[in-house]
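K.L.:
Sequence and predicted model, in that order:
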Amino acid sequence: MEKKNLDWENMGFDYMQTDKRYVSNYKDGKWDDGALIDDANIVMNECAGVLQYAQTVFEGLKAYTTESGKIVTFRPDLNASRMVDSARRLEMPVFPEERFVDAVAEVVKANAAYVPPYGSGATLYIRPYMFGINPVIGVKPADEYQFRIFTTPVGPYFKGGAKPITICVSDFDRAAPHGTGHIKAGLNYAMSLHAIVTAHANGFDENMYLDSATRTKVEETGGANFIFVTKDNKVVTPHSSTILPSITRRSIMYVAEHYLGLKVEERDVYFDEVKDFAECGLCGTAAVISPVGKVVNHGEEICFPSGMEKMGPITQKLYDTLTGIQMGHIEAPEGWIKVIE
Ligand code: PLP
Ligand code: COI
């Protein structure tokens, strides 16, 4: 299969239309067989549930070309099961997990020409999503849904790639106790848009959200979880029922403990202790591991000893091991890598 002639080395995190997308429709209480289609546009009623009451959930994962030239995905089963949790919370039907994993493979295979080559720094981002499509005017769940997956080749989420970023403590809240912060619902991102536009206007790359109940604990950013490294090399990540259970973060904690022999802790992280950490990073499918050099809280700066030039040494080891597993030159734990072709 011949690759598209794209500038793989200089891609941003932008949408590019690829050849095929997967679609399955839910009607009369069941999903149809699903198929790959060419049309990237969706026609729906003006009163569709997704348009009126934001009944939509999504996932994000990537396909990689390994050193040996195979196309693989990373732990797609965990995206499938998280989408089940998201759908249940928004009163949507569940798309069967096995079908999710198979559909991801099918759509990646159909767009293999867009999977960036090994070593280019780019990957194929895969976006599964589901939404209520029939007319809904009273506030209630839709009866009909569409599940789709599109793919788009992407480069680093933050411009500058592995250069440390500066983030600010947001005055806005991302998630309420007993709300929807732990699922991947479009509504969480809609309400974060004003906060991110404000952060960018003030010269910051991202927001650090605190817990909305007490505003004393670190939660996450708009699109990634936090990892911190203590001065004695322990890897610490916030525990919270209102953050998204990042697959990348769960994988990093495993890698830290089982590949690098580091101590790990998932616990409450108070904002007051952030100044004592040696390193900080954002982790997620899009972010991979993006180092944070500085956190600003209303003018007060916390500068991590790792600085603004490069990742801290432990963050770098975590990054190298995680991406080594994803790119196939470090052996993966059982079941983490799904070979597409
Ligand atoms: N937190 C939020 C709010 C996200 O949108 C994402 C992205 O998916 C993550 C964390 C990272 O999760 P994952 O590692 O599963 O991509
Ligand atoms: C992902 O990492 O897959 C996400 O969904 C985050 C989003 C901000 C792009």
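P.N.:
That came through fine. In this text the structure is predicted, and so the values were computed from the model without any measurement. Ligands and ions are numbered 1, 2, ... in the order given.

K.L.:
give me the element the nearest residue to Trp31 once chain neighbours are set aside is part of.
P.N.:
In space, and not counting its chain neighbours, Trp31 is closest to Ser24: 5.3 Å by Cβ to Cβ, 6 or more residues apart in numbering. Heads up, the C-betas are built off the backbone N, CA and C, glycines and all. Element membership for Ser24 (DSSP states H and E) is strand 21-27.

K.L.:
Just give me how far that strand sits from the chain centre.
P.N.:
Here strand 21-27 is found 22 Å from its chain centre; the criterion is Cα atoms, centre = their mean, to the nearest Å.

K.L.:
ditto for stretch 226-243
P.N.:
Centroid separation for stretch 226-243 versus its chain: 18 Å, with Cα atoms, centre = their mean.

K.L.:
Using PDB, list the CA coordinates for it.
P.N.:
Only the C-alpha atoms of stretch 226-243 are listed here, as PDB (Å, rounded to 0.1, in the frame of the first residue of the first chain):
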ATOM      1  CA  PHE A 226      -1.200  15.100  35.400                       C
ATOM      2  CA  ILE A 227       1.800  13.200  36.500                       C
ATOM      3  CA  PHE A 228       4.300  14.700  38.900                       C
ATOM      4  CA  VAL A 229       7.700  13.400  40.000                       C
ATOM      5  CA  THR A 230       8.900  14.000  43.500                       C
ATOM      6  CA  LYS A 231      12.500  15.000  44.400                       C
ATOM      7  CA  ASP A 232      13.100  11.400  45.400                       C
ATOM      8  CA  ASN A 233      11.800  10.100  42.000                       C
ATOM      9  CA  LYS A 234       8.400   8.900  43.000                       C
ATOM     10  CA  VAL A 235       5.700   9.200  40.300                       C
ATOM     11  CA  VAL A 236       2.500  10.800  41.700                       C
ATOM     12  CA  THR A 237      -0.800  11.300  39.900                       C
ATOM     13  CA  PRO A 238      -4.000  12.800  41.300                       C
ATOM     14  CA  HIS A 239      -6.800  10.400  42.300                       C
ATOM     15  CA  SER A 240     -10.200  11.900  41.800                       C
ATOM     16  CA  SER A 241     -13.700  10.700  40.800                       C
ATOM     17  CA  THR A 242     -14.100  13.800  38.600                       C
ATOM     18  CA  ILE A 243     -11.200  13.400  36.200                       C
END
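
K.L.:
pLDDT of it, averaged?
P.N.:
The pLDDT scores in stretch 226-243 average 98.

K.L.:
Now do the buried residues in it.
P.N.:
Neighbour counts over stretch 226-243 (16 or more other Cβ atoms under 10 Å) mark 226-230, 233-238, 240, 242-243 as buried.

K.L.:
Can you tell me which of the residues you listed lies closest to Glu266?
P.N.:
Nearest to Glu266 among the buried residues of stretch 226-243, counting by Cβ to Cβ, is Thr237 at 5.2 Å.

K.L.:
May I ask which helix or strand encompasses that closest one?
P.N.:
Judged by DSSP H and E, Thr237 forms part of strand 235-238.

K.L.:
And that strand, what does it pack against?
P.N.:
Counting contacts by 3 or more Cβ pairs under 8 Å, 6 or more residues apart in numbering; DSSP states H and E, strand 235-238 packs against strand 225-229, helix 247-258, strand 264-267.
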